[in-house]
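[1] The sequence isn't on hand, but the structure is:
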C-alpha cells in the first residue's frame, strides 16, 4: 500500500493504542498461569497476533473479541511432540518464547520472516551451548531442544533486553533457583523493569540483587488474574508528541503517568528541544515552539531513534543521537533507512556505526517517494516529517504499520493531516 501525506496543519486529540510491550508480557504471563485471565484492551497488530498464535501451539486456550483476549493457561508450556511456532516478524515473540520452548523438552522450531531470522540470537546460542543443548539458527527457522537447567546465566547487558525477559519468564518454572548476571553496561533497564513488574502482577518473584544481577527463585507458579488491563503505549505516543511539537497542538490520552515504560522519556526530549509539553492526568499535550537541536542517548530507549531523528531534522542547529547502534539490527537498519529517506526529502544528516548527526532547522522540500523499508517505525516517523514538507510525500509499503499500530493512518488523518491511501502496483 502507498500513502501520500500532504503538507498539513494538525491539531486534536489522539488516544494512545494499547502498549505492545505490555500486551506481549501480559499475554505470556496469562498463558503460563493456571486458569483464566481476561486481557484488554488489545490492538490486533501483527506482533500481538503472533504471540497469540504461539501460545495456542504451546497448549494455551485463547478466545478473542473486538479488543480483548480470554486466556486460559495450563501452568506452563506443553507439547506432546516436536512443534513449530510461527513468530511472523515479531522479535519479542521469538526471543520471549525461546527459553519457554526449552522447558518442554521437545524439539521446537521457531519460524518467521527472513529479516526476523537474520537478527542475532548469539546470546541464546551461547547459553544453550554452555548447557550442552542444541540450538541451530538457519534461514528456515531456529531449532532447539531443552530442557534448560536452573543455575547462573551470564550474558551481556548491552544487547537486547528481550533475551533477559525471555529468561525471566522461564526460569521461575524450573525446580531450582537461578541468577542472571548481566555484564555491564546494562541497557534498556526500563524494559527489564517492565518485565519484573508484570511478573509480580502474576505472583512471580524476581528481583535485582545489585545493579547487574537478577535473582529468580525456582519452583514458582504463575497466578491467573481474572482480568488484566493493558496500559497505553508511550512508544507509539511519541509519534503524536513529535507531531505536536512540529505541527500541533496535539493531545495524547490513554496513558498512565506512573508507567514504568522507558519510552516515556520522549517527553523530556521534546521539552529539551524546546517544545511546550503539558502533562495531563491521562497523557500529555504538546504545542509547537522554536526547536533547538541537542544530544540524545538511545541506550535505554532505542525504539525512539527513528522519530527523534525525524524531529531533529526540524530543530535549529546540530543534533547528535548516540548509542544508536542497535537500530541497525531492528526490522530494518533503521539508521541507514532514516538517513536515506530523510535525505531524499531534503534533510542533512550523516551517521557512523553507533550515532547519527543531523543539521536541522530548515523546512524540507518533500515532493518525493520514500520507502519505509518494511519497518513500522520508519513509516510512522516519515509520515510525521511529511506533514511539515513543502510538497507531498508518498510512502511505499505503508502497510508496515500493521506490525504494531494498525490504526495509525486513521489516527493521523483524525488530526487534520491529509492522507491518501492507494494500492501499490
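    Thanks, I have it. Remember, it's a predicted structure, so these values are computed and weren't measured experimentally.
[2] For stretch 345-362, measure first residue to last.
    Distance between the two ends of stretch 345-362: 11 Å, counting by C-alpha to C-alpha, to the nearest Å.
[3] tell me the mean pLDDT for it?
    On average, the pLDDT along stretch 345-362 is 97.
[4] Stretch 314-326 now?
    For stretch 314-326, mean pLDDT is 97.
[5] what do you get for stretch 266-278?
    pLDDT averaged over stretch 266-278 gives 98.
[6] buried stuff in that stretch?
    266, 267, 269, 270, 272, 273, 274, 275, 277 (16 or more other C-beta atoms under 10 Å). Backbone N, C-alpha and C define where each C-beta goes, glycine included.
[7] How about stretch 31-41?
    Residues of stretch 31-41 classed as buried by neighbour count (16+ other C-beta under 10 Å): 31, 32, 33, 36, 37, 38, 39, 40, 41.
[8] I am assuming residue 357 contacts residue 322, so please confirm or correct that.
    No: the criterion here is C-beta atoms under 8 Å, and residue 357 misses it with residue 322 at 9.6 Å.
[9] Using CSV, lay out the buried residues of stretch 31-41 together with secondary structure.
    Output for the buried residues of stretch 31-41, formatted as CSV (DSSP: H, G, I helix; E, B strand; the rest coil):
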residue, secondary structure
31, helix
32, helix
33, coil
36, strand
37, strand
38, strand
39, strand
40, strand
41, coil
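[10] right, and the pair among those residues with maximum separation?
    32 and 41 (21.3 Å; C-beta to C-beta).
[11] In the protein, where is pLDDT below threshold?
    425 (pLDDT under 70).
[12] would you list every one of the helices in it?
    Here the chain has its helices, by DSSP state H, at 20-32, 46-57, 91-103, 114-118, 122-130, 161-170, 189-201, 234-247, 266-273, 305-312, 334-345, 376-386, 408-414.
[13] Export the ones you listed to CSV and append columns for distance to residue 253.
    Below are the helices of the chain laid out as CSV (distance: least, C-beta to C-beta, whole Å):
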stretch, distance to residue 253
helix 20-32, 17
helix 46-57, 21
helix 91-103, 25
helix 114-118, 33
helix 122-130, 38
helix 161-170, 28
helix 189-201, 21
helix 234-247, 9
helix 266-273, 14
helix 305-312, 19
helix 334-345, 28
helix 376-386, 18
helix 408-414, 12
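[14] Break this protein down into its structural domains.
    Following automatic domain parsing, the chain resolves into domains at 2-16+232-422, 20-229.
[15] So which of those domains is the most surrounded?
    domain 2-16+232-422 (a mean of 21; mean count of other C-beta atoms under 10 Å).
[16] Which residues are in contact with the nearest residue to residue 253 once chain neighbours are set aside?
    Among residues not flanking residue 253 along the chain, residue 283 sits closest, at 4.1 Å (C-beta to C-beta, 6 or more residues apart in numbering). Residue 283 makes contacts with 16, 232, 237, 251, 252, 253, 254, 255, as judged by C-beta atoms under 8 Å, 6 or more residues apart in numbering.
[17] do residue 382 as well
    Residue 382 neighbours (C-beta under 8 Å, 6+ apart): 310, 341, 342, 345, 370, 372, 393, 395.
[18] Could you single out the nearest of those to residue 364?
    Residue 364 lies nearest to residue 345 out of the contacts of residue 382, by C-beta to C-beta, at 4.7 Å.
[19] Let me know the distance separating the closest one from residue 408.
    19 Å (C-beta to C-beta, to the nearest Å).
[20] if I read this right, residue 413 contacts residue 419, doesn't it?
    Yes: the pair residue 413 / residue 419 is scored as a contact, 4.6 Å apart, by C-beta under 8 Å.
[21] and residue 264, what does it touch?
    So residue 264 contacts residue 234 (C-beta under 8 Å, 6+ apart).
[22] how much space is there between it and residue 96?
    From residue 264 over to residue 96 the distance is 22 Å, taken as C-beta to C-beta.
[23] now swap in residue 231 and tell me
    Distance from residue 231 to residue 96, by C-beta to C-beta: 18 Å.
[24] One more: residue 139?
    Distance of residue 139 to residue 96, given as C-beta to C-beta: 22 Å.
[25] Could you do residue 392 as well?
    40 Å.
[26] what's the answer for residue 279, then?
    32 Å.
[27] Residue 106 too?
    18 Å.
[28] Same check on residue 339?
    Relative to residue 96, and taking C-beta to C-beta, residue 339 is found at 30 Å.
[29] can you check residue 284 too?
    29 Å.
[30] Residue 422 too?
    Applying C-beta to C-beta to residue 422 and residue 96 gives a distance of 36 Å.
[31] do residue 399 as well
    From residue 399 to residue 96 the distance is 25 Å (C-beta to C-beta).
[32] Start and end of stretch 368-382, how far apart?
    Stretch 368-382 stretches 12 Å from its first residue to its last (C-alpha to C-alpha).
[33] and it, how far from the chain's centre?
    16 Å (C-alpha atoms, centre = their mean, to the nearest Å).
[34] ok, now stretch 336-356?
    With C-alpha atoms, centre = their mean, you get 21 Å for stretch 336-356.
[35] now do stretch 56-63
    Centre to centre, stretch against its chain (C-alpha atoms, centre = their mean), the figure for stretch 56-63 is 23 Å.
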